[in-house]
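S.K.: I need the structure of the sequence given here:
(chains A and B)
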There are 2 protein chains.
Amino acid sequence: MASETELQKVIGGLLTIFRKYAKEDGNAWTLSRAEAKNLLVNELPGLIENPNDSAEVKKVVDNLDENKDNKITFVEFTELVMKLSFYRFFWGSV
Amino acid sequence: MASETELQKVIGGLLTIFRKYAKEDGNAWTLSRAEAKNLLVNELPGLIENPNDSAEVKKVVDNLDENKDNKITFVEFTELVMKLSFYRFFWGSV
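M.R.: Reported below is the predicted structural model:
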């Protein structure tokens, strides 16, 4: 099989990262709120200013959980990734 | 500066790949149709079955060019990346 292209590696990376955190509770299809916090704190240092501030954590995770089912789906995760990539592309931050 | 996390590398990778192809015509903010074809053929082998089939190429690039301005923006590019990552996450293909 031909080696992966850079874009295929990026796509694979999205899956790998999501599953790394989503599998902790045995269900790798979605992130629980705790898994989502863990992903954000580890992968996006600075997005949550004070990880010990439960109100701030709740607000950030609530923003991710678009359909309010207390689960963060892969689709909801990629929405965040896209927004962050726009910030970085258009304004050079994140 | 702390080293990048895996997710930050993925986000950076999206920008790097887009700009690698977008800059060919001197304007790295958007992909021309030719640049978009070049990106697709090189980064997503198989998405376009026959790169020499201009009708097929036109159809695939038209699908990308959501606002029909003959330019593919970074936002339109990330829409494609997201769809491909869903296919891979939910059905294991691409």
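S.K.: going by C-alpha atoms from here, please, whenever you check contacts or count neighbours.
M.R.: Will do.
S.K.: for the residue nearest to the spatial centre of chain A, which three-state class applies?
M.R.: In chain A, the centroid-proximal residue (C-alpha atoms, centre = their mean) is A:Phe77; its distance is 4.6 Å. Under DSSP: H, G, I helix; E, B strand; the rest coil, A:Phe77 falls in the helix class.
S.K.: check which helix or strand covers A:Leu31.
M.R.: Assigned by DSSP states H and E, A:Leu31 falls within strand A:30-32.
S.K.: picking up where we left off before, what distance do you get for the residue nearest to the centre of chain A to chain B?
M.R.: Using C-alpha to the nearest C-alpha, to the nearest Å, A:Phe77 is found at 10 Å from chain B.
S.K.: isn't that residue right up against A:Glu66?
M.R.: No - counting by C-alpha atoms under 8 Å, A:Glu66 is not a contact partner of A:Phe77; they are 10.0 Å apart.
S.K.: if we look at the strand holding A:Leu31, which residues are touching it?
M.R.: Here strand A:30-32 makes contact (C-alpha atoms under 8 Å, 6 or more residues apart in numbering or on different chains) with A:18, A:21-23, A:25, A:70-74.
S.K.: just put those residues in CSV and tack on neighbour count and secondary structure.
M.R.: Output for those, formatted as CSV (neighbours: other C-alpha atoms under 10 Å in any protein chain shown; DSSP: H, G, I helix; E, B strand; the rest coil):
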residue, neighbour count, secondary structure
A:Phe18, 23, helix
A:Tyr21, 22, helix
A:Ala22, 25, helix
A:Lys23, 15, helix
A:Asp25, 12, helix
A:Asn70, 16, coil
A:Lys71, 21, strand
A:Ile72, 23, strand
A:Thr73, 22, strand
A:Phe74, 21, helix
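S.K.: out of those residues, the closest to chain B would be?
M.R.: Proximity of these to chain B (C-alpha to the nearest C-alpha) peaks at A:Phe74, which lies at 7.8 Å.
S.K.: so what's that closest one up against?
M.R.: Contacts of A:Phe74 (C-alpha under 8 Å, 6+ apart): A:18, A:29-30, B:86, B:89.
S.K.: ditto for A:Val10
M.R.: Counting by C-alpha under 8 Å, 6+ apart, A:Val10 touches B:10, B:13-14.
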